[in-house]
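Chemist: Build the 3D model from these lines:
(2 chains)
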Protein chains: 2
Amino acid sequence: MTSTVPTSVDPGKIREVLDGRWAHVRRDARENLDDPDFLPVYGETMQEARERVTRAAKKLADSGRVGLGFPKEFGGEADSGASVTSIEMLAFGDLSLMVKAGVQWGLFGGALELLGTRRHHEKYLRDVMSFDLPGCFAMTETGHGSDVQQLRTTCTYDPETETFDLHTPHQAARKDYIGNAAKDGRMAVVFAQLVTRGENHGVHAWLVPIRDAEGNPCPGVTIGDDGPKAGLPGVDNGRLSFDHVTVPRDMLLDRYGQVVADGTYTSSIENETRRFFTMLGTLVRGRVSVGGSASSATKLALDIAVRYGNVRRQFAAPGEDREIVINDYLVHQRKLLPALAKTYGLHFAQSTLVETMHDVQTAVHVHGQEVDEAAQRELESRAAGLKVAQTGHATATIQMCREACGGAGYLQENRLPHLKADTDVFTTFEGDNTVLLQLVAKGLLTGYRDSFGSLDGWGRVGFVADMVRETVLERTAARALIARLVDALPGRDDEDIPMLERGWQLKMFEFREKHSLEGAIRRLRKNSTTEGMAPFDMFNDVQDHVLKTAQTHIDRIVLESFVAGVDRTEDPAAKALLDKLCDLYALSTIEADKAWFLEHGQLTAARAKLLTSTVNQLLKELRPHITTLVDAFAIPAEWKAARILEEEDDRQEAMAARDAELRAQNAEGTPDGTATAVEVPPGQ
Amino acid sequence: MTSTVPTSVDPGKIREVLDGRWAHVRRDARENLDDPDFLPVYGETMQEARERVTRAAKKLADSGRVGLGFPKEFGGEADSGASVTSIEMLAFGDLSLMVKAGVQWGLFGGALELLGTRRHHEKYLRDVMSFDLPGCFAMTETGHGSDVQQLRTTCTYDPETETFDLHTPHQAARKDYIGNAAKDGRMAVVFAQLVTRGENHGVHAWLVPIRDAEGNPCPGVTIGDDGPKAGLPGVDNGRLSFDHVTVPRDMLLDRYGQVVADGTYTSSIENETRRFFTMLGTLVRGRVSVGGSASSATKLALDIAVRYGNVRRQFAAPGEDREIVINDYLVHQRKLLPALAKTYGLHFAQSTLVETMHDVQTAVHVHGQEVDEAAQRELESRAAGLKVAQTGHATATIQMCREACGGAGYLQENRLPHLKADTDVFTTFEGDNTVLLQLVAKGLLTGYRDSFGSLDGWGRVGFVADMVRETVLERTAARALIARLVDALPGRDDEDIPMLERGWQLKMFEFREKHSLEGAIRRLRKNSTTEGMAPFDMFNDVQDHVLKTAQTHIDRIVLESFVAGVDRTEDPAAKALLDKLCDLYALSTIEADKAWFLEHGQLTAARAKLLTSTVNQLLKELRPHITTLVDAFAIPAEWKAARILEEEDDRQEAMAARDAELRAQNAEGTPDGTATAVEVPPGQ
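Modeler: Residues are numbered from 1 along each chain as shown, chains lettered A, B, ... in the order given. Okay, the predicted model is just below:
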């Protein structure tokens, strides 16, 4: 139950909570990453954007801020959490630069480090870090985006020459949408089917030169350009095809699978599928970075829309000497505030995810411990789920902010068009959101027992039989706190429990997930015993139900992280405000799915109406703090690059003049004698 | 109740129904508007786009297809419906050209024709039509977009010189987002407060030269450039400020208000507000065109996504020798098909609106009849409501289609990024959607008695008292048919009525609108008698409820138009298919607002679940016809300009090869011995 929020809350106190474990990385970025070259430029051509971003990437490399995730012996800090946090901060600047950096140091460099071995590190890692060796991450093919296990590119070993033969069998197998390919890339980590001694050992990765020192394509390599995109003009996405390209044996990134000179294949992981998903699992950082970057762009869009809404006016208040600013309208609050609340929830969930990722990866890659497969799979599922939630929220929220700023929101000089266009692809790259939701669902259905990060979700017919019988919700890191809050609920009827009771909110989220999951399992079982039903249809028939289950799961993870975030806030005023914002997240999420709760007897009609008025009441209470809530994101003013914010002073002045006019008019009466400036005529 | 749809339906038969009254205009465009210069170009700079679109506009003028709405004596056809239909067709091409044409011949030319008098027509109309006189429609100001009645620009008459003095008092009063201003415009229709003899007579319009023959700004005119936008790069939006610019007396567009030489003001409409809204009301065509254009862009996006979904594959079907195309997935169908159904509904509603508009405007402007104020206001409300519905649907649907095409949807060569970026502003220009919803609501609350097209909605405190006591829903043109269908409902309990009964669907839509409207009125009345409640709060407190009422009203209008469209379809197969699509529109709309129907006792929990499975069943039945449904839009192949559609053949070939591989693999078994190519390992 929330208490009253003091009139004034220090945004700095909220920022401290948001900044969390890698606060030093955020602080460093705010203070030192103030290079105007890292900001977007409006109105440039694709060519200009690409050249500028290449220069900026080099400058960023020179700043020494790109190596946080790499091993210490190569000049890095072996700090996985810091590397993701620094990408999040970079995402407040030009998103083309963020993606370019993500490709170079996250995907290309990350694959080289995590799939390669010492000889690869020693030979290439320094040049990767300095951007002297720009590279690509060539996984996706035109014909297969999500089903990586079924890539068609082959790489066949020949013991005679001790080389591999890398080949693109047909157009649909060309590598597509590859960042750094169209202009800069000199090498690529290429994913292909490894064939040796006539046997296919599944997808592996090779380090392959694609351009020579003069920038010309290497023999057998065809490089295409994806051309202009919706956004991200500074990223040179392209296409790569290989016509029997010779690759030396030692260019296989062989941490998880080796081919000796005579063509014998060895691996410490016998099962091909498990090996594949182990390799892929090491690359989870990319997905975590995309989610975090989406949230940064969302915060910036909200910052702009909230400040604009504080000064933008539309109509005079009837009978009053002032025009209303648009943030005063209920419907405007209904757009901005729930989005802001969810942004906070996602921030806390992302923080927890980054901590988990850091701990799991540090154990394996720094301390050399065995992989904890259960922890790894749960991490992958969380990363997938939060990537879906954050990128979906970014697309919806940035769109809403653009519209909330009216015509001004459509001008590039006000930043929102760039935020929208650049982040739009986040819902489809690093895993398509629908496919990722399926991955999350699969983990839930099987209790993470055999999901292996597979994106298909419905691979094996017999898989229904393996489904867990008991649906016990694993709880998040905040489990003790959550249990305490739920257990504290009074025994009385739900009907009487105040909706601001945190325990009730948590219980609603839990119930929905559990019930939805149980229903999905029941329906899948039933289909699997239905005579004559094709295996595809068994799953397809419940696909909507199953994806919804995944969604409810993610909602709960976010709420539990938010609750834990409020709990660790020390400043009483900040805590009271976050507490109320958490109420808004919880209740507006329940409200958005009110039909489900009504349908399943968790809300009566009367209580459903009470829910709407409670949300409206929360909006009223949060309205005075809306600026504080964006101030707490602590986005440096010079990073915002939105002209409407600079014009704030002009506008304030013009509006003060306008208010004076209104006062004068109201005193005099308008020409046709009524008392207010804006009016409708007295009937016909 | 729908019958079974035959296996094969001729899309041509559906096209005939869709084409409607101005079929000849649509046919002419499909056959003769095939100039590649009218298609978008990808990757050009803003400058290049502007120049190309200026050339294309001139070419379009030369084709003689821009004058349909203008008087016959100036070479037009005085056919208001044809002019809107031709804009709709133009919207399948480059949307920058459509907007440029809309500005030149719709807004600028339309204002000149409808607000000006004979001397203006004779002197300028031919040059406007030939594009020898490019012009602007200078209404919106930076500080006031929606509240046109409160524009700050003044135009003050001086009887000494017999001229007006046009002046921008401060920066917030500059004209902003004005199409044709930054580069091409030679004159502008400028809206400003008319002041004469010390008295303000409200907003009027003047024809004002802004550039001389050399293209330099006229004395006192400052022209700015809005620069690059999210989209519409070929439209030269700009800003205009006037520093005491002298405007001759005869440049006042004086159909509705005149100033004689000595400064005496005369008008046939005494009340200033009524005069203002009469003037604005003549300009309704712009809003109708934007709605129709949004629908064209939506159809094109759906066309692309549906065809791509027919060939795009992702995963193998378990245990089968084929990969599934993504249109086979339930969740993909849930994205595409309800959007397609709504697009059809909106098409029929738009057709009805255009017919009404044509009849109302022809009566007044061609046959010289008196304005039927009730009909005019209802027309304005419909135009506002359908503009909101169509542009909102366009934004959501094009976004969905972009995502449904994955990475390919992010490349400009596949058209979707342009469709998205260009249409994005449609929700805010020609009336902000939230403000327009308020206008619709106001019409409903007052029974159209004193709305006058005012956008503020809440102008006068006392207006609650004027609200209609009886909420009788006026019915659409299809009223007899609708009444028959509703009356045909059996007397038994709702619980037993099949959901595919059209009468039940109609009744649900009606009930929701009526109940919502009555509730809004009740709450407004209560607030108006609440001691100490500020007038602004009386309305703001129920703003969400009131806007929802407007939404339910629009939904009903659309359903009734859809039902009438099905009814007039003659071909039995086409009719059966449209009938089923209409079911999907009705039931997916009810499903989207299921919470409301549950909350208000119109659905039981059991029936709410049945609703979901009925929608899924409809998707299954419509799936085989999905291509027919986009074929019926009859968008010429050469207009689509999407490379993924051209690559269809390549893709089909590659996929056939892939199926052969799968068959071979399934016959052999995969390396680790399981039976399917894509699988998960057998437990841990």
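
Chemist: Which residues of the stretch 201-350 of chain A lie near chain B?
Modeler: A:201-202, A:226-231, A:271-274, A:313-320, A:324, A:328-332, A:334 (Cβ under 8 Å from any Cβ of the partner chain). (Glycine included, C-beta is placed from N, CA and C.)

Chemist: Pull out the buried members of those residues.
Modeler: Listed as buried from these are A:201-202, A:226, A:228-231, A:271-274, A:313-318, A:320, A:324, A:328-332, A:334; burial here means 16 or more other Cβ atoms under 10 Å in any protein chain shown.

Chemist: Centre-most residue in chain A?
Modeler: A:Gly291 (1.6 Å; Cα atoms, centre = their mean).

Chemist: where's A:Ala181 relative to A:Thr142, distance?
Modeler: Distance of A:Ala181 to A:Thr142, given as Cβ to Cβ, to the nearest Å: 13 Å.

Chemist: next one: A:Leu115
Modeler: A:Leu115 is 23 Å from A:Thr142, by Cβ to Cβ.

Chemist: first to last residue in stretch A:151-170, what's the distance?
Modeler: Stretch A:151-170 has an end-to-end distance of 12 Å (criterion: Cα to Cα, to the nearest Å).

Chemist: what's A:Glu495 in contact with, if anything?
Modeler: A:Thr604, A:Arg607 (Cβ atoms under 8 Å, 6 or more residues apart in numbering or on different chains).

Chemist: Can you give me the distance of it to chain B?
Modeler: Separation of A:Glu495 from chain B (Cβ to the nearest Cβ, to the nearest Å): 15 Å.

Chemist: now swap in A:Thr196 and tell me
Modeler: Distance from A:Thr196 to chain B, by Cβ to the nearest Cβ: 12 Å.

Chemist: okay, A:Leu300: pLDDT?
Modeler: In this model, A:Leu300 is scored at 98, pLDDT.

Chemist: Could you say which helix or strand holds it?
Modeler: helix A:284-311 (DSSP states H and E).

Chemist: other SSEs contacting the following helix or strand past that helix?
Modeler: From helix A:284-311 onward toward the C-terminus, using DSSP H and E, the following helix or strand is strand A:313-316. Packed against strand A:313-316 by the contact rule (3 or more Cβ pairs under 8 Å, 6 or more residues apart in numbering or on different chains; DSSP states H and E) you find strand A:323-325, helix A:648-668.

Chemist: Least reliable of these by average pLDDT, please.
Modeler: Mean pLDDT is lowest for helix A:648-668 among those, at a mean of 60.

Chemist: And the pLDDT for the residue in the stretch 201-350 of chain A positioned nearest to chain B?
Modeler: Proximity to chain B, evaluated over the stretch 201-350 of chain A using Cβ to the nearest Cβ, is greatest for A:Ala230 at 3.5 Å. Here, the pLDDT recorded for A:Ala230 equals 97.

Chemist: where's the closest residue to it other than its chain neighbours, which helix or strand?
Modeler: Among residues not flanking A:Ala230 along the chain, B:Pro417 sits closest, at 3.5 Å (Cβ to Cβ, 6 or more residues apart in numbering or on different chains). Using DSSP H and E, B:Pro417 maps to helix B:416-423.

Chemist: okay, the angle between that helix and helix A:416-423?
Modeler: 160 degrees (axes from the mean of the first three to the mean of the last three Cα atoms, to 10 degrees).

Chemist: just the CA coordinates of helix B:416-423, formatted as PDB?
Modeler: Extracted in PDB, the C-alpha atoms of helix B:416-423 (Å, rounded to 0.1, in the frame of the first residue of the first chain):
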ATOM      1  CA  LEU B 416       7.400  -0.800 -46.300                       C
ATOM      2  CA  PRO B 417       9.800   1.700 -44.600                       C
ATOM      3  CA  HIS B 418       8.500   4.400 -47.000                       C
ATOM      4  CA  LEU B 419       4.900   3.500 -46.400                       C
ATOM      5  CA  LYS B 420       5.500   3.700 -42.600                       C
ATOM      6  CA  ALA B 421       7.500   6.900 -42.500                       C
ATOM      7  CA  ASP B 422       5.300   8.800 -45.100                       C
ATOM      8  CA  THR B 423       1.900   7.900 -43.500                       C
END
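
Chemist: so what does it touch, helix or strand wise?
Modeler: On a contact count with 3+ Cβ pairs under 8 Å, 6+ apart, helix B:416-423 meets helix A:416-423, helix B:95-101, helix B:284-311, helix B:373-404.

Chemist: Can you show me the helices along the stretch 451-600 of chain A?
Modeler: A:479-487, A:502-528, A:535-540, A:543-567, A:572-592, A:594-599 (DSSP state H, counting those that start in this stretch).

Chemist: okay, those helices in JSON lines with mean pLDDT next?
Modeler: Below are the helices of the stretch 451-600 of chain A laid out as JSON lines (pLDDT from 0 to 100):
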{"stretch": "helix A:479-487", "mean pLDDT": "87"}
{"stretch": "helix A:502-528", "mean pLDDT": "93"}
{"stretch": "helix A:535-540", "mean pLDDT": "88"}
{"stretch": "helix A:543-567", "mean pLDDT": "97"}
{"stretch": "helix A:572-592", "mean pLDDT": "98"}
{"stretch": "helix A:594-599", "mean pLDDT": "97"}
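
Chemist: any chance of the ones you listed in TSV, with mean neighbour count and distance to chain B too?
Modeler: Output for the helices of the stretch 451-600 of chain A, formatted as TSV (neighbours: other Cβ atoms under 10 Å in any protein chain shown; distance: least, Cβ to the nearest Cβ, whole Å):
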stretch	mean neighbour count	distance to chain B
helix A:479-487	15	24
helix A:502-528	19	10
helix A:535-540	20	4
helix A:543-567	23	4
helix A:572-592	22	8
helix A:594-599	22	4
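
Chemist: Now render those as a markdown table, adding distance to B:Asp250.
Modeler: As requested, these are exported to a markdown table (distance: least, Cβ to Cβ, whole Å):
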| stretch | distance to B:Asp250 |
| --- | --- |
| helix A:479-487 | 76 |
| helix A:502-528 | 68 |
| helix A:535-540 | 70 |
| helix A:543-567 | 64 |
| helix A:572-592 | 58 |
| helix A:594-599 | 61 |
